[in-house]
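Participant: coordinates only, sequence not included:
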């Protein structure tokens, strides 16, 4: 029989995160600093909105684009927060999480042979998404010396006639870095100069600490060349509801909608109703969760530095990305030994690209009690394997 599996699928390795979660599932008493998911439950009033919609019998398909009511609320939300205006009819699409939005965006703009610039460390699906779309990732490495912010000079160095797009994700998973307006503006100028599309994954836009998030499409002349990706999973603790969105110029959005029609049909109806409630009355819950994440952030960063794992101060998302370069272990060795010997789960930095080697990701989307217990278990381990 001929080889069945497509080459583009065989080219992509399995997720480096899943391996450790599979091991965790077989163990007891594990302190997990690995999973990138809020430990909060969805706020009750948002859940109740979904429940009421089921009780009303709202279980049929919605428009392919998503409920117009939700798109109108989302358009107002983006305008109020960032001053960027989208037509809810032609320029907004409700998706099954931001993951679907990302893949629709790549499939819509990337031709076979196109290059897409991808800064690393980055979310694990960025490079595979480019490959599945038929493109080639052109990797640039964000450095801890620059606060894990990518620079326009780094991007320009890898631009070729085949470059079609730049895929950026800030606030960043796994580093927690937030891009400054100045650096984003430099990248915007570069995109305009070279006629490049920008895919901006801003799923963590509401989770920033002491800084302001800059929406890329709000920058001068960027609305018409940006595909803005976002969602409800992180800010509203709605991961399992699977609701995301894409905002883009009508011509690009039409292509994404066409793919969405054939692949998905529409996002879950109940979840869309809950998302409407989240936008209308979820701000108090967002701010409360943000306050608690900030407390945890301070504890984990201080604790990691104290136990000899130097840690850049994250200003967004809910991840710390400490260095393990003063140990004798690789990122994978460190993570596996820490799990098996101390029952603490972290994610090896190289799961997020080669630029993540020498680091591990620690999610502080868990209780302060767990964070402090995890740090206690890690202290002796880090000392044991120090160079």
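Facilitator: Looks like it arrived, so ask away. What you see is a predicted model; the values in this text were computed from it and never measured. Numbers count the residues shown, from 1 in each chain.

Participant: quick check: closest non-adjacent residue to residue 334.
Facilitator: Excluding the flanking residues, the one nearest residue 334 by CB to CB, 6 or more residues apart in numbering is residue 324, at 4.9 Å. (Glycine included, C-beta is placed from N, CA and C.)

Participant: ugh, typo on my part, it should be residue 47
Facilitator: residue 274 (7.0 Å).

Participant: tell me how far the residue nearest to residue 334 lies from residue 361.
Facilitator: 11 Å (CB to CB, to the nearest Å).

Participant: now residue 197
Facilitator: 28 Å.

Participant: so which of those two has more stuff around it?
Facilitator: residue 361 (26 against 21; other CB atoms under 10 Å).

Participant: what's the next secondary structure element after the helix or strand of the chain with the lowest mean pLDDT?
Facilitator: Each helix and strand of the chain was given a mean pLDDT (mean pLDDT, DSSP states H and E); the minimum falls on helix 18-24 at a mean of 71. Sequence order places strand 31-32 as the next helix or strand after helix 18-24, per DSSP states H and E.

Participant: what's the mean pLDDT across that next one?
Facilitator: Per-region confidence: strand 31-32 scores 92 on mean pLDDT.

Participant: other SSEs contacting that strand?
Facilitator: strand 344-345, helix 368-384 (3 or more CB pairs under 8 Å, 6 or more residues apart in numbering; DSSP states H and E).

Participant: direction included, what does the shortest one pair up with?
Facilitator: Spelled out, that is strand 344-345. The partner list of strand 344-345 in its sheet, established with DSSP bridges, is strand 31-32 (parallel).

Participant: what lies in contact with the helix or strand following the strand it pairs with?
Facilitator: On the C-terminal side of strand 31-32, the closest following helix or strand by DSSP H and E is helix 44-55. With CB atoms under 8 Å, 6 or more residues apart in numbering as the test, helix 44-55 has contacts from 41, 236, 238, 241, 269-271, 273-274, 276-278, 281-282, 285.

Participant: identify the farthest-apart pair in these.
Facilitator: 269 and 285 (22.3 Å; CB to CB).

Participant: among the contacts of helix 44-55, which are in helices?
Facilitator: Among the contacts of helix 44-55, DSSP state H puts 269, 270, 271, 273, 274, 276, 277, 278, 281, 285 in helices.

Participant: distance to residue 256, neighbour count and pLDDT for those - can I get that in TSV?
Facilitator: Shown next, in TSV, are the ones in helices among the contacts of helix 44-55 (distance: CB to CB, whole Å; neighbours: other CB atoms under 10 Å; pLDDT from 0 to 100):
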residue	distance to residue 256	neighbour count	pLDDT
269	20	18	98
270	23	18	98
271	19	22	98
273	23	23	98
274	23	28	98
276	21	21	98
277	25	21	98
278	22	28	98
281	29	13	98
285	30	19	98
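
Participant: so can I have a markdown table of those residues showing distance to residue 155?
Facilitator: Output for the ones in helices among the contacts of helix 44-55, formatted as a markdown table (distance: CB to CB, whole Å):
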| residue | distance to residue 155 |
| --- | --- |
| 269 | 40 |
| 270 | 41 |
| 271 | 36 |
| 273 | 40 |
| 274 | 38 |
| 276 | 37 |
| 277 | 39 |
| 278 | 34 |
| 281 | 40 |
| 285 | 37 |
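
Participant: now, which of the residues you listed sits nearest residue 102?
Facilitator: residue 271 (17.9 Å).

Participant: could you check how far the nearest residue to the closest one once chain neighbours are set aside is from residue 213?
Facilitator: Nearest non-adjacent residue to residue 271, counting by CB to CB, 6+ apart: residue 241, 4.0 Å away. Going from residue 241 to residue 213 by CB to CB gives 22 Å.

Participant: more neighbours, those two?
Facilitator: It is residue 241, of residue 241 and residue 213, that has more neighbours when counted by other CB under 10 Å, with 25 against 20.

Participant: for residue 188, see how far away that one is.
Facilitator: From residue 241 to residue 188 the distance is 32 Å (CB to CB).

Participant: kindly report the same for residue 199.
Facilitator: From residue 199 across to residue 188, the span is 13 Å (CB to CB).

Participant: what about those two, which has more around it?
Facilitator: The neighbour comparison of residue 199 against residue 188 (other CB under 10 Å) goes to residue 199, with 28 against 21.

Participant: ok, the more buried one - contacts?
Facilitator: 102, 105, 106, 109, 116, 165, 166, 167, 168, 226, 227, 229.

Participant: pipe these into TSV and attach secondary structure and pLDDT per row.
Facilitator: Formatted as TSV, the contacts of residue 199 follow (DSSP: H, G, I helix; E, B strand; the rest coil; pLDDT from 0 to 100):
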residue	secondary structure	pLDDT
102	helix	98
105	helix	98
106	helix	98
109	helix	97
116	strand	98
165	strand	98
166	strand	98
167	strand	98
168	strand	98
226	strand	98
227	strand	98
229	strand	98
